[in-house]
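1. no FASTA, just this:
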């Protein structure tokens, strides 16, 4: 009975504290303002680009302005891929007519050379189908048409299912002798924008050029193929991989008042694809992570444990930032008790996904009701985020912030991932519940 | 034990049926396509306008195309307010400079006459403050500056709190002899669009012209007042109320197979404000309600009870459609067991708000887990919707569909309430969970 009363009292005190945190973030939060700067003053910031360096300076200055205890960088070498000239491509119909494609090179793809490539087109709808065709695709352009499944309510599931067409498809097509790959964009709606993203070459196979086309164009191409109207396809890209370039994780830190050696990380990735402004992917995650520190500072709270907000380098096409973060953690023998990543867009919160020991998970799940008033009580077991996942190696309890996923794959990796497609209240509310979770872990440990 | 097994079995069968319903809506649903037509082929459709009549024809045709059992109209007379010429207004600073205001007349407001009105400006931040000032506002223009509270997570709460500035403010200012009212838009973010909406005159008080200004302009005006820089304000409107005009509720019906006399209503309002396209308010609710019927038809389901989808007339500035619906229900002695309204935007679902007897509420709450996979399990006691609320008079159990509310008051009643600000998946998912709830009530009654 006494224990129960204590629990009720603690929950009530926590609930009051969380309300203070949320009120501060919603009323005075700078996440939206900071995101505007990141999107409009810097814009796209692919690893190795001059804009990435500009973003590092901007975020460092923002941390400094917030008055956090320490601001520093972690240097790492990152892949340096460049898109080159604006891509071109079309479908040549048997009638002789050409249909221009809205397309872009896939990240990390090799280019076509100055003459581009032209070839017969063969459509595949699954990797099994490609493997069955095997060398029948030799000399041809493989069109990967893997529409995202509309019936998965969590759209990341559909992304996972169709994603192989982009990540591994072109390399497997290369293995069978294809000369190029056209991939239906991993967009969940029908739109006119090509969505880029990394393709991964298996070094044992020939590397063939790969492009994404818009979902509307994919529908058109598939239809024309079915009607037997397609003669050839053509595309030209001048993208290439340059030697590795310097990159940086940007870190702002508030030192813990009681257990400074116990580190809590909250982060997103600072690099972004080059077509849009990296607003939802993942400017949102970076400014939300910064906001966690700002909110705690603004309320005059002294967290018991050390809290670090991290803008990771190179999530999009290499993951070197996350790797470096682990490397340094190991080198310094740091004790990382918890890490939270926001890399699913700045949308309205739903909850958190927990990748940790059951006992730790149960502890966080006891806090569910505290998150209910903010729409973030869907706290379940699952993955976390690719930048923090290396920390699993040293036993860190990991979590991913889970915003609503319905709109993410309309704009993901496309020219439409811009500041205007982020809602101020949704972004701030996400930051607020992240701050609340970080605060609870900082108070009670795991 | 046996009862428990039966319950588990029923829940499992229901869960399979709901998955079928949701899959159908997400895959083949026409809500988004229909909303595009309503927004782009018809556009704004204020009660009494020719566009409203056009919308009635379009929705009737859509019902017919769906092959529902009956399509019919309910005639009612509606207020017919017209905006007139584009409004003008400015702040005249003591320096002599003029600052143009982004403004619009409030719905149902009287106009200023051809010369407009010019007067000293006095800012109030609460009704209490206005009442305290009393006749001190005589001959002046009252500036109602009631910013929406950012700390309410459910934004409708903030709308309710600040809303009095628009609904009753101008009339009370008129009572004290003010010559005009400038109202800060009921927008939750800072933007450049005036948000209209009804103002309600108390017939015992002088009716004074009332306009809304954008939240950015409200911030500016308030600041200039504080600095003592404001000399006068001026605005000119030519809006007026014409004699009542014909209006219609549009109804599509599937007759129940077992209990046809038990009626379930699902609806939204077909009229909209004139500045945007009435996309979220409330084209969404109308196309979602239609989609409930389409989905059940497409799956070949025969609901036990009669299901009616209704596009209500005149929610925005009179509520005559809902009144007429009750009147006819009484006249025909109809048995209305349940009504569900969607009038909070086409955003991602959160759940439902139930306004009914506790026993009925408990029955629906038992279905919570069935809605969890679709993000719609936040099922709580609360209000329903203004078009169905008259049905309370005949004891109908009422419910409101509750989408996420973070973005609604960015665009509500403004020129930005357009089709482009609706997400296809969010809209469809809302329709899907509405169809699921309607189906359950149709199967099990209340």
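-> Sure, I can see it. Computed from a prediction, not measured in an experiment: that's the story for all the values here. Residues are numbered from 1 along each chain as shown, chains lettered A, B, ... in the order given.

2. wait, what's in contact with residue A:338?
-> Residue A:338 makes contact with A:264, A:265, A:396, A:397, A:398, A:399, A:438, A:441, A:446, according to CB atoms under 8 Å, 6 or more residues apart in numbering or on different chains. (Glycine included, C-beta is placed from N, CA and C.)

3. go with 10 Å
-> A:262-266, A:305, A:307, A:356, A:360, A:364, A:388, A:391, A:396-399, A:437-438, A:440-442, A:445-446 (CB atoms under 10 Å, 6 or more residues apart in numbering or on different chains).

4. in the helix or strand that contains residue A:443, what's buried?
-> Assigned by DSSP states H and E, residue A:443 belongs to helix A:424-444. Residues A:424-443 are the ones in helix A:424-444 that count as buried (16 or more other CB atoms under 10 Å in any protein chain shown).

5. can you pull the residues of the stretch 201-350 of chain A lying near chain B?
-> A:347, A:348, A:349, A:350 (CB under 10 Å from any CB of the partner chain).

6. stretch A:378-387 near chain B at all?
-> Yes: Stretch A:378-387 comes into contact with chain B (CB under 10 Å from any CB), by way of residue A:378.

7. can you give me the end-to-end distance of that stretch?
-> 22 Å (CA to CA, to the nearest Å).

8. quick check: mean pLDDT across it?
-> Averaging pLDDT along stretch A:378-387 gives 98.

9. buried residues, it. List them.
-> Residues of stretch A:378-387 classed as buried: A:378, A:379, A:383, A:384, A:385, A:386, A:387 (neighbour count, 16+ other CB under 10 Å).

10. rebuild those residues as JSON lines, extending it with secondary structure and distance to residue A:258.
-> Shown next, in JSON lines, are the buried residues of stretch A:378-387 (DSSP: H, G, I helix; E, B strand; the rest coil; distance: CB to CB, whole Å):
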{"residue": "A:378", "secondary structure": "strand", "distance to residue A:258": "31"}
{"residue": "A:379", "secondary structure": "strand", "distance to residue A:258": "26"}
{"residue": "A:383", "secondary structure": "coil", "distance to residue A:258": "31"}
{"residue": "A:384", "secondary structure": "coil", "distance to residue A:258": "26"}
{"residue": "A:385", "secondary structure": "coil", "distance to residue A:258": "27"}
{"residue": "A:386", "secondary structure": "coil", "distance to residue A:258": "31"}
{"residue": "A:387", "secondary structure": "coil", "distance to residue A:258": "27"}
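
11. among those residues, which one lies nearest to chain B?
-> Nearest to chain B among those: residue A:378, at 7.8 Å, using CB to the nearest CB.

12. residue nearest the centroid of chain A?
-> residue A:343 (4.5 Å; CA atoms, centre = their mean).

13. looking at this, that residue is in a strand?
-> No: going by DSSP: H, G, I helix; E, B strand; the rest coil, the assignment for residue A:343 is coil, not a strand.

14. wait, it sits on residue A:285?
-> Yes: Residue A:343 is within contact range of residue A:285, at 5.0 Å (criterion: CB atoms under 10 Å).

15. and for those two, which residues touch both?
-> Shared contacts of residue A:343 and residue A:285, defined by CB under 10 Å, 6+ apart, are found at A:267, A:268, A:269, A:312, A:315, A:385, A:387, A:401.

16. do the helix or strand where residue A:22 lies and chain B meet at all?
-> Assigned by DSSP H and E, residue A:22 falls within helix A:2-28. Yes: applying CB under 10 Å from any CB, one finds helix A:2-28 in contact with chain B at A:19, A:22, A:23, A:24, A:25, A:26, A:27, A:28.
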